[in-house]
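# Give me a model of this one.
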Amino acid sequence: YYIINEEFYSPKDKLCYTLACSNAVKYKTPNNYLVQTSWGRGISKHMIECKIEYKSNRPIFRIRFQEDSQEYIIESKKSPSAIANNYLW
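Numbering: from 1, shown residues only. The predicted model follows:
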């Protein structure tokens with residue numbers, strides 16, 4: 001992956017955290033974090049951008065990608081995984 005925009009953290013009273021996983025570890029959710037990742041090669045290569053941006057003191061997760069020459073931007077207030085799951089199902 002390639003980090004396009006480094007993150008910064010909101011003030012402590014407005015900072016959000018990821019949901020705790022089975023190991024009960026929570027991670028800070030940065031603001032204005034933008035990362036690009038890809039997989040595949042040649043004509044099978046896929047590239048996506050993932051962004052976290054705070055609006056009204058809550059994180060909005062966005063995934064941007066192209067498919068068949070059309071650009072898609074999908075967002076969720078829950079998590080990047082929620083975006084992927086909603087798109088795939």
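# alpha carbons only for contacts and neighbour counts from here, please
Will do.
# How are the strands of this structure distributed by residue range?
Remark: strands assigned in the chain by DSSP state E are 2-5, 16-17, 28-29, 33-39, 46-55, 58-67, 70-76.
# Please tabulate the ones you listed in JSON lines, including the columns distance to Asn86.
Below are the strands of the chain laid out as JSON lines (distance: least, CA to CA, whole Å):
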{"stretch": "strand 2-5", "distance to Asn86": "24"}
{"stretch": "strand 16-17", "distance to Asn86": "21"}
{"stretch": "strand 28-29", "distance to Asn86": "21"}
{"stretch": "strand 33-39", "distance to Asn86": "19"}
{"stretch": "strand 46-55", "distance to Asn86": "15"}
{"stretch": "strand 58-67", "distance to Asn86": "12"}
{"stretch": "strand 70-76", "distance to Asn86": "9"}
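# Just put those strands in a markdown table and tack on mean pLDDT.
Shown next, in a markdown table, are the strands of the chain (pLDDT from 0 to 100):
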| stretch | mean pLDDT |
| --- | --- |
| strand 2-5 | 72 |
| strand 16-17 | 78 |
| strand 28-29 | 78 |
| strand 33-39 | 85 |
| strand 46-55 | 87 |
| strand 58-67 | 88 |
| strand 70-76 | 91 |
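# now stretch 49-64: how far from the chain's centre is it?
7 Å (CA atoms, centre = their mean, to the nearest Å).
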